[in-house]
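# Quick one, structure for this:
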Amino acid sequence: MSVLEIKDLHVSVEDKEILKGINLTIKTGETHALMGPNGNGKSTLLSTIMGHPKYKVTQGSITLDGEDVLSMSVDERSRKGIFLGMQYPEAIPGVTNSDFLRAAVNARRDEPMKLFTFIRKLDSAIDELKMDENLAHRYLNEGFSGGEKKRNEILQMKLLDPKFALLDEIDSGLDVDALKIVSDAINNMKSDHLGYVIVSHYDRLYELVKPTHVHVLVDGKIVVDGGYEIAERINKEGFEWVKELGVEFKEENEEVRANPTMLGACAAKVVADESSKN
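Numbering: from 1, shown residues only. This next block holds a predicted model:
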């Protein structure tokens, strides 16, 4: 079992404090849902765990099996087993999807995966996600529909096989059929060796991928913890009942979204580095 532990995490963006003391422990085998009104820090938390440079940690810690995550570069965090399914996947012209995926897989291995082994895994994952097989040969996310981009994030997750998958609104832009396919893929990967942290504003995803833990995040703080019953109550009553607990709802923060180009640039660099070795 692996443990991702967040203690008293404070995070600022451009001198504006977004996260104000997050405490959260995620273990492999668990599925955690982050819920709350828009602009209260959910995406900030996921991007900070992954290492987005725009988010400044001013206090607190993040550890993975006792190791200091905050001292790691983005690629080191990935190699340690952290994966971020981005809300806004960036297009990278000139890099094919299959080359990107192969470079990402090999960057986490001591020995490169044999080409035919990779192709079999890629074809199998594409088939499970009911994706157009031609997407593998197109430039990464260039010209992809919103739904194709989100399925492509799940495709990456399946091939990278992380310890912890952080899924930031992975269901936005999906129609009913695509949502079922993506949810099935997420459920099929559930195991004692994988932990999920999922952000979504749609109760349908949580009905299909039932969380074991639910956390309500308001104004940069977790104000309610519980199980799936919390998601059910929010679905029925919204967030108004949380006010009864003495929680004050402020106007939506203008939460600074992670610039996907920054993380995309890291990914492109990995591909370039791998290509230069061949």
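# which residues touch the residue nearest to residue 138 when sequence neighbours are not counted?
Spatial nearest neighbour of residue 138, chain neighbours left out: residue 97 (6.0 Å); criterion: C-beta to C-beta, 6 or more residues apart in numbering. In this view, the C-beta of every residue, glycine as well, is placed from N, C-alpha and C. For residue 97, the contacting residues are 135, 136, 137, 138, 139, 140, 141, 152, by C-beta atoms under 8 Å, 6 or more residues apart in numbering.
# same check, this time on residue 130
When contacts are taken as C-beta under 8 Å, 6+ apart, residue 130 is in contact with residue 181.
# Next: the one 10 residues further on.
Each residue near residue 140 by C-beta under 8 Å, 6+ apart is listed here: 91, 92, 95, 96, 97, 100, 152.
# quick one, strands of this protein?
Using DSSP state E, the strands assigned to the chain run over residues 3-13, 16-27, 31-35, 56-64, 67-68, 82-85, 92-96, 139-140, 164-168, 195-199, 213-218, 221-226.
# which phi and psi does residue 190 have?
Here the main-chain torsion angles of residue 190 (degrees, to the nearest 10) amount to phi -60, psi 130.
# ok, back up a step: got a quick PyMOL command for the buried subset of the contacts of residue 97?
To isolate the buried ones among the contacts of residue 97 in PyMOL, judged by 16 or more other C-beta atoms under 10 Å, type:
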select buried, resi 135+136+139+140+141+152
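# one step back: is it possible to mark the buried ones in the contacts of residue 140?
Buried positions within the contacts of residue 140, assessed by neighbour count (16+ other C-beta under 10 Å), are 92, 95, 96, 97, 100, 152.
# So for the nearest residue in space to residue 11 that is not next to it in sequence, what's the pLDDT?
Once flanking residues are discounted, residue 11 sits nearest to residue 19: 4.0 Å by C-beta to C-beta, 6+ apart. Here the pLDDT value assigned to residue 19 is 95.
# contacting residues around residue 19?
The contact partners of residue 19, taken as C-beta under 8 Å, 6+ apart, are 9, 10, 11, 41, 44, 45, 48, 220, 221.
# For the fourth one, grab phi and psi.
Translated: residue 41. According to degrees, to the nearest 10, residue 41 has phi 120, psi 0.
# where's it relative to residue 221, distance?
Between residue 41 and residue 221 the computed distance is 8 Å (C-beta to C-beta, to the nearest Å).
# Now the common contact residues for these two.
In terms of C-beta under 8 Å, 6+ apart, residue 41 and residue 221 are both contacted by the residues 19, 22.
# Specify which residue of these two has the higher count of neighbours.
In this comparison of residue 41 against residue 221, neighbours counted by other C-beta atoms under 10 Å, the higher total goes to residue 41 at 25 against 16.
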